[in-house]
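**Q** predicted model and sequence below, questions to follow.
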Amino acid sequence: MMVETEPAGLMMLRYKLYFNQQTPDPEDAWVMAYFQEHGLQPRRELWEEHDGVAYKLLHFGQCYLGSHVSALGELYQRGIEHTVLAQHLLEMLAHTEDATLRAGTAALDEAARKALATAAAVRLHAQTTFETTEDRNLRVMLDEAVAREGLLRSI
C-alpha cells in the first residue's frame, strides 16, 4: 500500500491509499480487514494504472479517517517490517553455507524462494527487532539460528 495526502480545503487533508493489484504488500489485507472491522467506507474507490501496474485507489477524508490514522500507520509499519525481513531472509538463503538449507531450497525457483521467505517472515516477525539506520532504512536484528530454524520450518 502506498499512502498519499493532499489538501482538501478548509485546512483538511484527503488520504489516498493505493493498493497494488499485481503484487500486494503484506499490509494490504490487514488494512482492508481493519476497514471492514470498523465499518469504514472510502469516499471514492477508483482504479488507476501507473507504469503499467494496476492500483485500487481509496479516498478518505481526514475527519472520517482521523481517529484511525495511528492504527493504520502501525499496520503500514508492520507491513514494511515484514517486507524488509523477507528480503533479509532471501539474502540469507542466497549466501548460506548451511548444507540443510541449501539442500532444502536447491530445487526452488525464484518465486518459490520468495514465497518461502515471506512465509518465514510471518513466523519470525514477533522474534525480530528492527533498527533505523542513519540513512533511515530498517536493519533486521534476528539471531541467525532463529532465522535458520524459521526457514527450515517453512520449507
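**A** Sure thing, it's come through.
**Q** quick check, pLDDT for Leu151.
**A** For Leu151, the model assigns a pLDDT of 94.
**Q** and what about it, helix, strand or coil?
**A** Put simply, Leu151 is helix when judged by DSSP: H, G, I helix; E, B strand; the rest coil.
**Q** show me what contacts it?
**A** Leu151 is in contact with 89, 92-93, 101, 105, 116-117, 120, counting by Cβ atoms under 8 Å, 6 or more residues apart in numbering. Placement of C-beta: from N, CA and C, glycine included.
**Q** can you select the buried ones among these for me in ChimeraX?
**A** Buried residues among those (16 or more other Cβ atoms under 10 Å), as a ChimeraX selection:
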select :89,92,93,101,105,116,117,120
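**Q** just the ones of the contacts of Leu151 in helices?
**A** If you go by DSSP state H, these have 89, 92-93, 101, 105, 116-117, 120 in helices.
**Q** the strands in this structure, which residues?
**A** 2-7, 13-20, 44-50, 53-61, 129-132, 138-141 (DSSP state E).
**Q** return the most buried member of the ones you listed.
**A** Ranked by mean neighbour count, those are led by strand 13-20 with a mean of 19 (mean count of other Cβ atoms under 10 Å).
**Q** just give me the residue right at the centre of the chain.
**A** Gly79 (2.8 Å; Cα atoms, centre = their mean).
**Q** nearest residue to it in space, ignoring adjacent ones along the chain?
**A** Spatial nearest neighbour of Gly79, excluding adjacent residues (Cβ to Cβ, 6 or more residues apart in numbering): Glu27 at 2.7 Å.
**Q** the one you found and Glu149, how far apart?
**A** 25 Å (Cβ to Cβ, to the nearest Å).
**Q** ok, these two, which is more surrounded?
**A** Ranked by neighbour count (other Cβ atoms under 10 Å), Glu27 and Glu149 place Glu27 first, with 22 against 15.
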